[in-house]
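sequence isn't available, so here's the structure alone:
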């Protein structure tokens with residue numbers, strides 16, 4: 001990678017926003033939104049179908065995190081950016097003060113050395129994946145780098161960098 005590529009910023013690709021109450025009204029919104037956005041951003045990738053499937057799966061997981069812990073007040077926003085082989089997803093959603101610490105800890109655990117062991121333990125013992133396990137899944141299986149932006153309440157933003165072009169299937 002040359003110096004110009006390392007300094008290049010992420011370029012916006014697509015953005016959507018909707019009322020959180022509308023989003024929470026139907027579980028299928030997670031799948032519909034992730035499939036649509038996956039198709040929209042993958043047309044110019046090396047293997048568009050593969051890329052769309054990977055991206056859609058990863059975004060669906062993120063949307064499920066917000067769905068499972070969601071509150072109907074406010075808006076959910078999702079913006080996808082690109083820099084070279086990476087997509088960046090910024091997912092902003094309402095987060096009650098009581099859940100902020102959960103997100104801080106869950107995101108922090110995705111970067112710890114025991115993340116893989118924690119993930120394997122969770123998927124072998126949990127019947128349904130928790131929000132923490134979903135974030136671990138993204139970090140382990142999609143090689144995602146996950147960060148949290150906390151601006152003024154009531155919303156937080158998950159920032160997820162996905163190196164999908166480099167993932168070996």
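Yes, it's here. Source: prediction; values computed, not measured.

contacts, neighbours, all on C-alpha from now
Noted.

report the separation between the residue nearest the centre of the chain and residue 157.
By C-alpha atoms, centre = their mean, the chain has its centre lying nearest to residue 62, at 3.9 Å. Distance of residue 62 to residue 157, given as C-alpha to C-alpha, to the nearest Å: 11 Å.

and the next element down the chain from the helix or strand bottoming out on mean pLDDT in the chain?
Least confident helix or strand of the chain, by mean pLDDT, DSSP states H and E, is helix 3-7 with a mean of 50. Per DSSP states H and E, the first helix or strand lying C-terminal to helix 3-7 is strand 11-19.

partner strands of that following strand, with direction?
strand 75-83 (antiparallel) (DSSP bridges).

what mean pLDDT does the partner strand get?
Averaged over strand 75-83, pLDDT sits at 96.

strands along this protein, start to end?
With DSSP state E, the ranges of strands along the chain come out as 11-19, 75-83, 86-94, 145-150, 155-162.

what angle separates the last one from strand 145-150?
This points to strand 155-162. 160 degrees (axes from the mean of the first three to the mean of the last three C-alpha atoms, to 10 degrees).

by contact count, what packs against strand 155-162?
strand 86-94, strand 145-150 (3 or more C-alpha pairs under 8 Å, 6 or more residues apart in numbering; DSSP states H and E).

helices or strands up against the first one?
When contacts are defined as 3+ C-alpha pairs under 8 Å, 6+ apart, strand 86-94 sits against helix 48-68, strand 75-83, strand 155-162.

I'm done for today, thanks for sticking with me.
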